[in-house]
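K.L.:
generate coordinates for the sequence data below:
(2 chains)
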Protein chains: 2
Amino acid sequence: MAVDDIESAVETYSRYFAARVERRGRLEDQGVDAVYLHVGDGRVELVAPLTADTPVGRFLAKRGPGMHHVAFEVGDVAAAIERLGRAGVNLIDAKPRRGFADHPVAFVHPESLHGVLVEVVGG
Amino acid sequence: MAVDDIESAVETYSRYFAARVERRGRLEDQGVDAVYLHVGDGRVELVAPLTADTPVGRFLAKRGPGMHHVAFEVGDVAAAIERLGRAGVNLIDAKPRRGFADHPVAFVHPESLHGVLVEVVGG
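P.N.:
Below is the predicted model of the structure:
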């Protein structure tokens, strides 16, 4: 979820959905502060831009806060994106890079996935 | 996920993410065709509008296909939304109604949840 004020969003999810903070951090290369929340059996990731001139900053300026992407966890990110690339999917990341909490991640372009930005993430 | 062409989206998720169709149906009161997909351990719901003059039809016209809402499963929807309402959350549904596969559901307004439309759904 892309948000303007990450502490306010942590408070909202904690109060209304009994969320528990799993991890906080900063992703310099993506230009965001991030928080992993446990919500029930699932995980919600909050991201807030460090500056307006970042992908999440531009997303917020254009669309306002809201759902930004969905992550699917796989055993082997490199193998998964190689397979997707061979199948003709438009990949944002042709190779895995380090995401939040040092998970290997790769993003898939929404144009290949009915408008949904997908992050493939290693466990 | 709100989509224009639900069969095309089913094919996309099946081919790229090994999705399996769990259930198909029509929600007349919401004006959508819907498909539940199993994707790994999770569930993705695809919705496609029956006509342009429906909430999902208007969403697509305004924003294009993409993520529409997120669902949190609870044991007792009525109790959950009563508690949220008492806490000051803006509820779209003050009482549960029947959703897809006859699950009781209630929607929470995005203005209370940092721009995210949340569906509270019974198991």
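
K.L.:
C-alpha from now on. contacts and neighbour counts both.
P.N.:
Noted.

K.L.:
give the residue spans of chain A that score low on pLDDT.
P.N.:
In the prediction, chain A carries no residues with pLDDT under 70.

K.L.:
just want the most central residue of it.
P.N.:
A:His69 (5.6 Å; C-alpha atoms, centre = their mean).

K.L.:
where along chain A do the strands fall?
P.N.:
All strands of chain A, identified by DSSP state E, fall at A:20-27, A:32-39, A:42-49, A:70-74, A:97-98, A:104-108, A:118-122.

K.L.:
turn the ones you listed into a markdown table, columns for distance to B:Val10 and mean neighbour count.
P.N.:
A markdown table is the format used below for the strands of chain A (distance: least, C-alpha to C-alpha, whole Å; neighbours: other C-alpha atoms under 10 Å in any protein chain shown):
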| stretch | distance to B:Val10 | mean neighbour count |
| --- | --- | --- |
| strand A:20-27 | 33 | 15 |
| strand A:32-39 | 27 | 20 |
| strand A:42-49 | 23 | 20 |
| strand A:70-74 | 16 | 16 |
| strand A:97-98 | 29 | 14 |
| strand A:104-108 | 17 | 22 |
| strand A:118-122 | 16 | 22 |
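
K.L.:
now the ones you listed in CSV, with distance to B:Ala18?
P.N.:
Shown next, in CSV, are the strands of chain A (distance: least, C-alpha to C-alpha, whole Å):
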stretch, distance to B:Ala18
strand A:20-27, 29
strand A:32-39, 25
strand A:42-49, 20
strand A:70-74, 11
strand A:97-98, 23
strand A:104-108, 16
strand A:118-122, 14
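
K.L.:
near chain B, anything from stretch A:58-73?
P.N.:
Yes. Using C-alpha under 8 Å from any C-alpha of the partner chain, stretch A:58-73 reaches chain B at A:Gly64, A:Pro65, A:Gly66, A:Met67, A:His69.

K.L.:
give me the contact list for the longest helix anywhere in chain A.
P.N.:
Determined from DSSP state H, the single longest helix within chain A is helix A:6-17. Contact with helix A:6-17 is made by A:3, A:19-21, A:33-35, A:37, A:39, A:46-48, B:84, B:87, B:113-114, as judged by C-alpha atoms under 8 Å, 6 or more residues apart in numbering or on different chains.

K.L.:
got the buried residues for that helix?
P.N.:
By neighbour count with 16 or more other C-alpha atoms under 10 Å in any protein chain shown, helix A:6-17 contains the buried residues A:Ile6, A:Ala9, A:Val10, A:Thr12, A:Tyr13, A:Ser14, A:Tyr16, A:Phe17.

K.L.:
now do it and strand A:32-39, the angle between them.
P.N.:
10 degrees (axes from the mean of the first three to the mean of the last three C-alpha atoms, to 10 degrees).

K.L.:
alpha carbons only: can I get helix A:6-17 in PDB?
P.N.:
Extracted C-alpha coordinates of helix A:6-17, given in PDB (Å, rounded to 0.1, in the frame of the first residue of the first chain):
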ATOM      1  CA  ILE A   6       3.600   5.700   7.200                       C
ATOM      2  CA  GLU A   7       3.200   6.100  11.000                       C
ATOM      3  CA  SER A   8      -0.400   7.100  10.600                       C
ATOM      4  CA  ALA A   9      -1.000   4.000   8.400                       C
ATOM      5  CA  VAL A  10       0.700   1.700  10.900                       C
ATOM      6  CA  GLU A  11      -1.600   3.100  13.500                       C
ATOM      7  CA  THR A  12      -4.600   2.600  11.300                       C
ATOM      8  CA  TYR A  13      -3.900  -1.000  10.500                       C
ATOM      9  CA  SER A  14      -2.900  -1.700  14.100                       C
ATOM     10  CA  ARG A  15      -6.100  -0.200  15.600                       C
ATOM     11  CA  TYR A  16      -8.600  -1.600  13.100                       C
ATOM     12  CA  PHE A  17      -7.100  -4.800  11.900                       C
END
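
K.L.:
no further queries at this time; thank you.
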